[in-house]
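Undergrad: pasted the sequence and its predicted model underneath.
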There are 2 protein chains.
Amino acid sequence: MRAEFINPFIVSLMNTFETMLSCEVTRGKPHLKEHNHGLYEINGVIGLSGKAIGTVVVSLSRSVALQAATQMLMTPCDELNSDVIDAVGEITNMVAGGAKAQLAEYNMSISLPNVFVGERTELHFPSDVHPITIPFETQWGPLRVDVGLAPVHEPAFAR
Amino acid sequence: MRAEFINPFIVSLMNTFETMLSCEVTRGKPHLKEHNHGLYEINGVIGLSGKAIGTVVVSLSRSVALQAATQMLMTPCDELNSDVIDAVGEITNMVAGGAKAQLAEYNMSISLPNVFVGERTELHFPSDVHPITIPFETQWGPLRVDVGLAPVHEPAFAR
């Protein structure tokens, strides 16, 4: 994956957590996604398409999801109900939207967020995509962002 | 969800299975998605965005996924390897692409397919979206398609 695609997702994740959720975030080292397992339990996913095409997955442990929803909704959240799921979807939307804005030259639009919940869920990208995993630490626990994004090749006559 | 959004996905799923996989398909009755569980084990997901925005999820049991991949790759597939996962992603891509073509007036583009694998995975749509579940029976077993799609409201000044 192009290096220029990675930083916008790091910046956007950190902005979302620090500005909107008042949660300190430390980023780990981005690396090629090596396994299909290792996700946290709660996974927000959103598709991007335009002059680049792909997906971002925001993977949160239950503890991070509950604390983030508590902060976002300004009401204590201690179970995984539809408000918490919607909050995770909205966080995913903000991460994707913020990255999209930084990649304006690719003129991407984003789809609706879906949230997959499951303790041993595997996530696969198409095998010709080489997604990047970006680990983060927060005061509420760890999270990760998986991004697979590729430029769309224009037909030769359109160049 | 608008009724006009449902039929293109039914037609596209049936075309994909009948034409490309030579597999007979019978559709069940589409209904509002009532639960977040009840998915089959292997779930292809793809985002759509444009003048309508949303997601389609093609949910297959392991048996349907293996048989579909066997047919598609013209080689026996008896375990869930990356070739089978890619085949499920490609089937999802064809279902989304075929529906998109029938909804050309919404000028949608589609993201890359991801495949989530897990036996008790829950799938959530945003709570203001009212997704539809369409069940199908095939000679290889049952499958379902979940679609949540909503028109994007233009700002008033653009009308």
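TA: On my side now, so go ahead. Numbers count the residues shown, from 1 in each chain, chains lettered A, B, ... in the order given.
Undergrad: could you check how far A:Asn114 is from B:Arg62?
TA: Separation of A:Asn114 from B:Arg62 (CB to CB, to the nearest Å): 22 Å. Glycine gets a C-beta too; all of them are placed from N, C-alpha and C.
Undergrad: quick one: contacts for A:Ser49?
TA: Taking CB atoms under 8 Å, 6 or more residues apart in numbering or on different chains, we find A:Ser49 in contact with A:Met108, A:Ser109, A:Ser111, B:Gly47, B:Ser49, B:Ser109, B:Ile110, B:Ser111.
Undergrad: ok, so of the residues you listed, who is nearest B:Leu21?
TA: B:Ile110 (19.9 Å; CB to CB).
Undergrad: specify the local secondary structure of the closest residue to that closest one other than its chain neighbours.
TA: Spatial nearest neighbour of B:Ile110, excluding adjacent residues (CB to CB, 6 or more residues apart in numbering or on different chains): B:Ala96 at 4.8 Å. Classification of B:Ala96 by DSSP: H, G, I helix; E, B strand; the rest coil places it in helix.
Undergrad: could you give the bridge partners of A:Ser59?
TA: A:Asn43, A:Arg144 (DSSP bridges).
Undergrad: contact partners for the most centrally placed residue in chain A?
TA: For chain A, the residue nearest the mean C-alpha position is A:Val58 (3.2 Å; CA atoms, centre = their mean). By CB under 8 Å, 6+ apart, the contact set of A:Val58 is A:Leu13, A:Asn43, A:Gly44, A:Val45, A:Val88, A:Ile91, A:Thr92, A:Val95, A:Leu143, A:Val145.
Undergrad: so which of the residues you listed comes closest to chain B?
TA: A:Val45 (6.5 Å; CB to the nearest CB).
Undergrad: A:Gly38 - how many residues pack around it?
TA: Neighbours of A:Gly38 under the rule other CB atoms under 10 Å in any protein chain shown: 14.
Undergrad: show me where pLDDT drops low in chain A?
TA: A:154-159 (pLDDT under 70).
Undergrad: can you pull the residues of it lying near chain B?
TA: A:36, A:43, A:45-50, A:53-55, A:57, A:82, A:85-86, A:89, A:109-118, A:120-127, A:129, A:148, A:150 (CB under 8 Å from any CB of the partner chain).
Undergrad: give me the buried entries from those residues.
TA: A:36, A:43, A:45-50, A:53-55, A:57, A:85-86, A:89, A:109-118, A:121-126, A:129, A:148, A:150 (16 or more other CB atoms under 10 Å in any protein chain shown).
Undergrad: hmm, B:Thr55 and the residue nearest to B:Ile110 touching each other?
TA: No: look at B:Ala96 against B:Thr55 with CB atoms under 8 Å: they stay out of range, at 9.0 Å.
Undergrad: for A:Asp78, which non-adjacent residue is closest in space?
TA: Nearest one to A:Asp78, counting by CB to CB, 6+ apart, is A:Leu66 at 6.3 Å.
Undergrad: over to A:Glu119?
TA: Distances taken as CB to CB, 6+ apart put A:Glu41 closest to A:Glu119, at 5.4 Å, once the chain neighbours are dropped.
Undergrad: residues near that neighbour, how many?
TA: 18.
Undergrad: return the residues in contact with it.
TA: Taking CB under 8 Å, 6+ apart as the test, what A:Glu41 contacts is A:Leu60, A:Ser61, A:Arg62, A:Ala65, A:Val117, A:Gly118, A:Glu119.
Undergrad: wait, the fifth one touches B:Gly118, no?
TA: So that's A:Val117. No: applying CB under 8 Å, one finds A:Val117 not in contact with B:Gly118, separated by 9.4 Å.
Undergrad: between the two, which contacts overlap?
TA: Once CB under 8 Å, 6+ apart is applied, it turns out that A:Val117 and B:Gly118 contact no residue in common.
Undergrad: so A:Phe136, which of the three states?
TA: Classified using three-state DSSP, A:Phe136 is strand.
Undergrad: look up the residues forming beta bridges with it.
TA: Applying DSSP bridges, one finds that A:Phe136 bridges with A:Arg27, A:Leu143.
Undergrad: brilliant, that's me finished.
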